[in-house]
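Asks: model the structure of this input:
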Amino acid sequence: MSRTRTLRRPSTGRRSWWAIWMAGFVSAASLGSVEARQDLPAAPAAPLAPSVVSTPAVAPADPNAAIPSADAASATPSPVEAGNAIPGNLPPIDESVAPGIPHEVQIVRILGPEGMKVDVLGPQPETVPTGDGRGLATIGMRVGEGYRLRLSNIPHRPEAELFPVVQVVGHLHRPGTVDPGKYPIRVAISQDDIDEVLDKGRLVTIAAYLEDPDQALPLRTNKDEPPSVSVTPSEDPVRVAAALGRVMVVIRLGARKPTQSELAMPAVDGLAGGPCPFIHPGGEQCTLPCGPVCGTAPPPGRPWLPRDEFLCDGGDRLEPVHFGGDGGLRGIDPRDAVISFRDDKRPRVLPTNTVCLYAPRFASVRSSVGLNENTFVTELRAAERIQKSSLTEMREGPKRLNQRQTPETNRHRMRPSGLAGRIYATQHSELRVLSGYDSTVHLSGHVRTEGPEKIATRAKIAGTEGSIKAVTFNRAEAVVMTGIVEGPSQTVMTWTPRVVVGVEEPEKRPGVAVEKTVDLTEAEPGDTLTFTIAYRNMGNTPIKAVSIVDSLMPRLEYVAGSAMGPAGTVFTSGENRVGSVELRWDLPGTLAPGSNGYVSFKAIVR
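Replies: Sure thing, here's the model as predicted:
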């Protein structure tokens with residue numbers, strides 16, 4: 001279904017086209033250079049005191065407040081906690097070094113039922129900013145290392161404890177201007193996961209991955225409630241997550257309580273994977289280990305940007321945009337944004353530039369494996385079968401078959417024939433049997449009558465009319481200038497007056513400049529963006545039938561009623577194939593040379 005309405009003219013207080021340069025605009029082509037200038041050098045991290053990460057489920061009033069002590073939250077530690085947990089508190093977060101944390105340190109946020117307590121038993125976590133302080137715990141973990149956690153104070157099960165193992169297998173490539181605490185890797189442990197472990201003794205595996213924007217679900221979600229999908233025990237959740245995006249964290253949650261010797265050993269072995277193919281925002285090649293990466297590698301010699309961490313919209317991708325047989329546009333794929341117009345010769349189409357903003361979104365794939373119990377109840381049944389004896393009698397008498405066949409005689413008579421011939425050296429003798437062939441042709445008549453034909457050709461007198469515009473010759477009588485050169489002789493030079501004989505008109509050259517911008521450089525799920533597409537007629541001839549088409553990607557949700565454009569513009573919208581919308585502005589009249597304008601709309605990040 002499509003909606004059609006006429007837009008009102010925006011207020012005159014808006015900026016003109018040449019002033020529409022949104023602050024902090026980041027394009028895919030210039031991403032590395034912009035971030036290289038803004039990246040801050042990494043400052044050495046402060047030494048860590050022995051600590052245990054333990055945060056309440058309710059966010060503190062001050063996001064930068066110190067994390068409460070484990071001793072204050074639990075006055076009587078368990079035997080495992082007393083022998084293996086790291087006592088103490090995390091040092092205060094130094095916000096001056098927050099943007100410069102090493103790339104191998106990733107911020108992981110554990111989400112779960114409210115009131116549950118999360119402790120890190122080992123190894124020692126890194127100092128990282130906590131961002132808005134939500135979730136059960138925000139922990140700094142190194143890529144490739146395994147961390148053992150303890151879950152206690154579980155709702156409705158205060159005596160139960162679980163010891164999941166967390167391993168970071170992927171990493172983000174944060175620009176230098178992005179606060180790393182704002183985009184932690186979010187992993188959710190649900191109450192259903194805990195019940196399956198405690199009640200059924202099953203092993204739950206959760207693979208958190210970074211969504212591929214082209215395969216993302218077109219659903220608006222809360223940033224602290226990442227979407228999750230369950231697979232059967234026969235499927236590998238890590239493999240499924242790698243097909244949907246880039247695997248970041250793997251959590252294995254079981255009911256078995258580890259022994260003292262197991263707690264003293266590393267939780268898991270190191271990450272087995274190849275080098276990361278991406279580059280950092282500063283332009284240097286990433287050297288961290290990395291698992292499988294989705295997407296198509298660029299041509300040799302060109303850097304591979306981590307586009308799965310960015311939302312990029314605009315330009316022309318996949319099938320090239322072209323005009324079909326009916327004159328309509330073809331090849332408008334999700335992410336495409338183009339402007340079409342017509343000059344005196346033919347219709348033309350031009351794509352916009354591509355705008356990108358940092359907006360990673362996480363999801364997870366879970367599986368539950370364990371022993372299955374099947375109970376079959378079979379009732380005893382008695383089957384009795386009584387069969388009476390039966391006698392079958394069959395009598396067959398003799399049969400006689402008589403066949404009588406009359407004799408048949410076949411006679412064939414042939415008269416003898418002879419042919420005698422003698423051929424001498426100079427004679428030829430031939431004997432032929434006379435035969436007759438009668439052919440009767442009946443007389444037939446064919447009468448063709450042709451009447452007289454009259455060919456008349458009428459030629460209309462044609463007259464050629466033409467109007468010749470009078471050419472005016474302006475003759476300007478210029479002043480005669482005489483120059484005298486003093487010397488042995490005298491020379492007189494005279495400049496004759498110049499006459500204008502005609503004016504040559506320049507060739508008509510159509511041209512349009514179009515630019516797409518966005519008002520933010522980074523966004524979280526739920527943020528609202530404002531996109532603007534500015535255009536200007538850069539040619540020397542008017543253009544007409546100007547239309548702007550923008551097809552949104554699945555993670556962008558159009559805000560109904562937010563589209564704006566010049567007075568008289570006809571705006572339509574319809575659903576595209578990825579669950580988002582395709583927007584179209586049909587501008588009124590013609591666009592004179594040098595004229596400009598813009599259209600805009602708002603979208604919510606899913």
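Asks: from here on, contacts and neighbour counts on C-alpha atoms
Replies: Fine.
Asks: next SSE after the helix of greatest length in the chain?
Replies: Secondary structure of the chain per DSSP state H: the longest helix is helix 191-200. As assigned by DSSP states H and E, the chain's next helix or strand after helix 191-200 is strand 203-211.
Asks: tell me what angle that next one forms with helix 191-200.
Replies: Put simply, strand 203-211 runs at 160 degrees to helix 191-200, going by axes from the mean of the first three to the mean of the last three CA atoms, to 10 degrees.
Asks: ok, then the element right after strand 203-211?
Replies: Following strand 203-211 in sequence, per DSSP H and E, is strand 228-230.
Asks: quick one: strands adjacent to that following strand?
Replies: With DSSP bridges as the test, strand 228-230 is paired with strand 362-369 (parallel).
Asks: buried ones in the partner strand?
Replies: By neighbour count with 16 or more other CA atoms under 10 Å, strand 362-369 contains the buried residues 362, 363, 364, 365, 366, 367, 368, 369.
Asks: with stretch 117-130 instead?
Replies: 117-130.
Asks: measure that stretch end to end?
Replies: Criterion CA to CA, to the nearest Å; first-to-last residue distance in stretch 117-130 is 16 Å.
Asks: next one: stretch 220-233
Replies: First residue to last in stretch 220-233 (CA to CA) measures 29 Å.
Asks: buried ones in that stretch?
Replies: 220, 224, 226, 227.
Asks: excluding covalently adjacent residues, which one is nearest to the last one?
Replies: Okay, so that is residue 227. residue 363 (5.0 Å; CA to CA, 6 or more residues apart in numbering).
Asks: please list all residues in contact with the one you found.
Replies: Taking CA atoms under 8 Å, 6 or more residues apart in numbering, we find residue 363 in contact with 208, 209, 210, 211, 226, 227, 228.
Asks: let's see it at 6 Å
Replies: Contact analysis of residue 363 by CA atoms under 6 Å, 6 or more residues apart in numbering lists 208, 209, 226, 227, 228.
Asks: that one bridge partners, please.
Replies: Applying DSSP bridges to residue 363 gives these bridge partners: residue 209.
Asks: any idea of the pLDDT on it?
Replies: pLDDT for residue 363: 94.
Asks: next one, pLDDT for residue 51 please.
Replies: On the pLDDT scale, residue 51 gets 32.
Asks: and if you look at the one 3 residues further on?
Replies: Residue 54 carries a pLDDT value of 34.
Asks: same check, this time on residue 352
Replies: At residue 352, the pLDDT recorded in the model is 96.
Asks: I'd say it and residue 315 touch.
Replies: Yes. Using CA atoms under 6 Å, residue 352 is in contact with residue 315, at 4.8 Å.
Asks: phi, psi for residue 262 please.
Replies: Torsion angles at residue 262 (phi, psi; degrees, to the nearest 10) stand at phi -70, psi -30.
Asks: follow-up on the earlier one: now the contacts of residue 363 as CSV including distance to residue 322 and pLDDT?
Replies: Shown next, in CSV, are these (distance: CA to CA, whole Å; pLDDT from 0 to 100):
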residue, distance to residue 322, pLDDT
208, 40, 95
209, 36, 95
226, 38, 91
227, 37, 90
228, 39, 92
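Asks: wait, which of those residues is closest to residue 274?
Replies: Of all these, residue 274 sits closest to residue 209, with 17.6 Å by CA to CA.
Asks: okay, and for this structure, where does confidence drop off?
Replies: Low-confidence segments of the chain (pLDDT under 70): 1-100, 265-273, 372-493, 495, 500-503.
Asks: where along it do the helices fall?
Replies: Counting by DSSP H, the chain has helices at residues 31-38, 70-73, 79-84, 191-200, 237-244, 260-264.
Asks: hang on, the earlier thing: which neighbours do residue 352 and residue 315 share?
Replies: Shared contacts of residue 352 and residue 315, defined by CA under 6 Å, 6+ apart, comprise residue 337.
Asks: between the two, which is the more surrounded one?
Replies: residue 352 (23 against 18; other CA atoms under 10 Å).
Asks: residues of stretch 205-212 that come out buried?
Replies: Going by neighbour count (16+ other CA under 10 Å), the buried part of stretch 205-212 is 205, 206, 207, 208, 209, 210, 211, 212.
Asks: what is the burial count for the spatially closest residue to residue 351 that is not a sequence neighbour?
Replies: Using CA to CA, 6+ apart and skipping the chain neighbours, the partner closest in space to residue 351 is residue 338 (4.0 Å). Residue 338 has 25 neighbours, counted by other CA under 10 Å.
Asks: correct me if wrong: residue 338 contacts residue 549.
Replies: Yes. Counting by CA under 6 Å, residue 338 touches residue 549, with 5.5 Å between them.
Asks: quick check: residue 563 touching residue 601?
Replies: Yes. Look at residue 563 against residue 601 with CA under 6 Å: they come within range, at 4.3 Å.
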